[in-house]
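Engineer: Below are the sequence and a predicted model for it; my questions follow.
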Amino acid sequence: MDPGVVDLSRLQFALTAMYHFLFVPLTLGLSFMLFIMESVYVMTGRAIWKTITQFWGLLFGINFVLGVATGLTMEFQFGTNWSYFSHYVGDIFGAPLAIEGLMAFFLEATFVGLMFFGWERLSKLGHLFVTFMVALGTNLSALWILIANGWMQNPVGSAFNPETMRMEVTSFFDVMFNPIAQAKFVHTVSAGYVIGAAFVLGISAFYLLRKRHVAFARRSMTVAAAFGLASSLSVVVLGDESGYALTDNQRMKLAAIEAMWHTEPAPAGLTLFGMPNVGERRTDFAVSVPWVLGIIATRSFDREVTGMSELVLLAQERIESGRLAFGAVEALKADPNDQAARAVFAQHGRDLGYGLLLTRYVADPRQATPEQIQRAAWDTVPDVPVMFWAFRIMAGIGFLMIALFATAFVLCSLRRFEDRWFLRCALWAMPLPWIAAQLGWVLAETGRQPWSIEGVLPTFLGVSSLTRTDLWITITGFTLIYGILAVIEVGLIVRTVKKGPYASHEPQPGPGDLPATPVTA
């Protein structure tokens, strides 16, 4: 396989996936905030809360449409750009995607129309139920997508069938309750809630800076402050849980995040700052906090966090085992009744993917030299500098979000809505959680390399038989189309924000304003 085709296929999927993920987390966050706002309207009966819900619902709708449109592209790419991936693992990977489309997406799409057009046709409680179902459908969509992605990170409940030459499900229960998938779901959804809260907080701050729609902005900011504080705290806690899940399932990813080239005595320290030196396989100018990584990653004081060099040695052993599994598969192709080959595969079959890593260097892994085996073993180390810095920037933004929402919560509790320094901070901080979310996906997907399915299928074997020209044409086309969609999306949101929540109503009095009274002689 042409390495350029592999790299361009990865680039195209990365561009479309990261673009799609600009809309998904905002949809997740706004959906439940709409439910909270409408709940206040139902409980109080105050018309301003209906206006608040409808305004943020309009922005939700604009974002929702773009999220659906960009998500369809990703689904089709599995068949167009990653056809062998789809053939090899489609029996497992396709099931969560199908369930997401049949259950979650149709649930979401059915109720979203009622949410927008049912205000005058449904009772208050009926419409509130519809809003909740939209939020539930949105989060269920994320659940099934992340179950599929979690299986790529930790392929439990499955096994390779040498008769069909494909991966098959052995336990769908294990696929659904994959610990990596569950940790990714709660962490990703919480990050979406932070993005939704930052979006509402920033636009509310904009109105308060302009002294427009003050009553609306104060109430919206209060909801965003409380919802955002809870969400940002949960992101950190659940991120810690994700780190713990890596200890048993993706040790190489954890070691790369910490640029830990060698195993340290337990408990390992957490590197706050350093310069990963890939050539020398060390981290220069490292500043570490003793014990922290060991406690986070192992929940103990005596368990080690294995370094990359030691994990490479383990990879070499699995590659040797994988060569035997590859030989057994070839023998079973020639004679499906070869019982000796079946016995060898039963013993070494779980390492077949490691044997396939050698096909980058030699057509038949059984003919690989010791040098090629060593190179393939070091291929299991992802891009350490990218992993190291992406995690630290993401984590730093996470703690900044906690500080932002904690300050917002205190100021809203004290009814100090006019502190301009904070309003400016809230406005300028809006892009930060999006940056953190994108870096989270960079960590997840770059950290899995060189695998498309961890330990099962190397990425370079999953692509379709395309040319570089084919890929450049589609990348250029997607860039142009998505660029146009981005301009439309931003333009619609800016236009809606400029019009404000009372665009179709009479101007509302602000806090403290008295209605005009006739002057009598």
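Structural biologist: Done, it's in. Note that the structure is a prediction, hence the values are computed from the model and not measured.
Engineer: how about the helix or strand where residue 489 lies: buried residues?
Structural biologist: Assignment of secondary structure by DSSP states H and E places residue 489 within helix 468-499. For helix 468-499, a neighbour-count test (16 or more other Cβ atoms under 10 Å) marks 470, 471, 474, 475, 478, 482, 485, 489, 492, 493, 496 as buried. To be clear about C-beta, it is placed using only N, CA and C from the backbone, and glycine gets the same treatment.
Engineer: I'd like a version of those in a markdown table, one that adds pLDDT and distance to residue 418 as further columns.
Structural biologist: Conversion of these to a markdown table gives the following (pLDDT from 0 to 100; distance: Cβ to Cβ, whole Å):
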| residue | pLDDT | distance to residue 418 |
| --- | --- | --- |
| 470 | 92 | 57 |
| 471 | 92 | 53 |
| 474 | 91 | 51 |
| 475 | 92 | 48 |
| 478 | 89 | 45 |
| 482 | 89 | 39 |
| 485 | 89 | 37 |
| 489 | 89 | 31 |
| 492 | 93 | 30 |
| 493 | 93 | 25 |
| 496 | 93 | 25 |
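Engineer: wait, which of those residues is closest to residue 352?
Structural biologist: Taking Cβ to Cβ as the measure, residue 352 lies nearest residue 471 of the buried residues of helix 468-499, at 28.4 Å.
Engineer: Enumerate every residue touching the closest one.
Structural biologist: Under the criterion of Cβ atoms under 8 Å, 6 or more residues apart in numbering, the contact list for residue 471 reads 5, 8, 9, 12, 81.
Engineer: Ok, residue 425 next?
Structural biologist: Residue 425 is in contact with 404, 407, counting by Cβ under 8 Å, 6+ apart.
Engineer: Next one: it relative to residue 474, how far apart?
Structural biologist: Noted for residue 425: a distance of 41 Å to residue 474, by Cβ to Cβ, to the nearest Å.
Engineer: Kindly report the same for residue 307.
Structural biologist: 40 Å.
Engineer: Residue 281 now?
Structural biologist: When residue 281 is compared with residue 474 (using Cβ to Cβ), they lie 38 Å apart.
Engineer: do the same with residue 234
Structural biologist: Distance from residue 234 to residue 474, by Cβ to Cβ: 38 Å.
Engineer: what do you get for residue 468?
Structural biologist: 11 Å.
Engineer: Give me the phi and psi for residue 286.
Structural biologist: phi -70, psi 130 (degrees, to the nearest 10).
Engineer: Same check on residue 285?
Structural biologist: Per degrees, to the nearest 10, the backbone of residue 285 is at phi 50, psi 40.
Engineer: Same check on residue 453?
Structural biologist: Residue 453 adopts backbone torsions of phi -120, psi 120, taken as degrees, to the nearest 10.
Engineer: residues touching it, list them.
Structural biologist: Counting by Cβ under 8 Å, 6+ apart, residue 453 touches 85, 88, 89, 151, 152, 155, 167, 353.
Engineer: Could you list everything it pairs with in the sheet?
Structural biologist: Applying DSSP bridges to residue 453 gives these bridge partners: residue 457.
Engineer: mean confidence for the helix or strand containing residue 235?
Structural biologist: Assigned by DSSP H and E, residue 235 falls within helix 214-249. Averaged over helix 214-249, pLDDT sits at 87.
Engineer: What is it packed up against?
Structural biologist: Applying 3 or more Cβ pairs under 8 Å, 6 or more residues apart in numbering; DSSP states H and E, we find helix 214-249 packed against helix 24-44, helix 47-80, helix 179-210, helix 251-257, helix 292-298, helix 384-413.
Engineer: Output the next helix or strand after the last one in CSV with nothing but the alpha carbons.
Structural biologist: It refers to helix 384-413. Remark: after helix 384-413, the chain's next helix or strand is helix 420-428, criterion DSSP H and E. Provided in CSV are the C-alpha atoms of helix 420-428 (Å, rounded to 0.1, in the frame of the first residue of the first chain):
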residue,chain,number,x,y,z
ARG,A,420,-16.8,44.1,32.8
TRP,A,421,-13.5,42.4,33.3
PHE,A,422,-15.2,39.1,33.8
LEU,A,423,-17.7,39.7,31.0
ARG,A,424,-14.7,40.2,28.6
CYS,A,425,-13.1,37.0,29.9
ALA,A,426,-16.3,35.1,29.4
LEU,A,427,-16.6,36.4,25.8
TRP,A,428,-13.0,35.7,24.8
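Engineer: in helix 420-428, what counts as buried?
Structural biologist: Result for helix 420-428 [16+ other Cβ under 10 Å]: buried residues 422, 423, 425, 426, 427.
Engineer: if we can go back for a sec, of all the helices and strands packed on helix 214-249, which one is nearest residue 335?
Structural biologist: Minimum separation from residue 335 across these (Cβ to Cβ) falls at helix 47-80, 33.0 Å.
Engineer: what's the following helix or strand after that closest one?
Structural biologist: helix 83-99.
Engineer: Could you tell me the angle between that next one and helix 47-80?
Structural biologist: Angle between the axes of helix 83-99 and helix 47-80 is 150 degrees (criterion: axes from the mean of the first three to the mean of the last three Cα atoms, to 10 degrees).
Engineer: Any idea how many residues pack against residue 213?
Structural biologist: As a burial measure, residue 213 scores 23 neighbours (other Cβ atoms under 10 Å).
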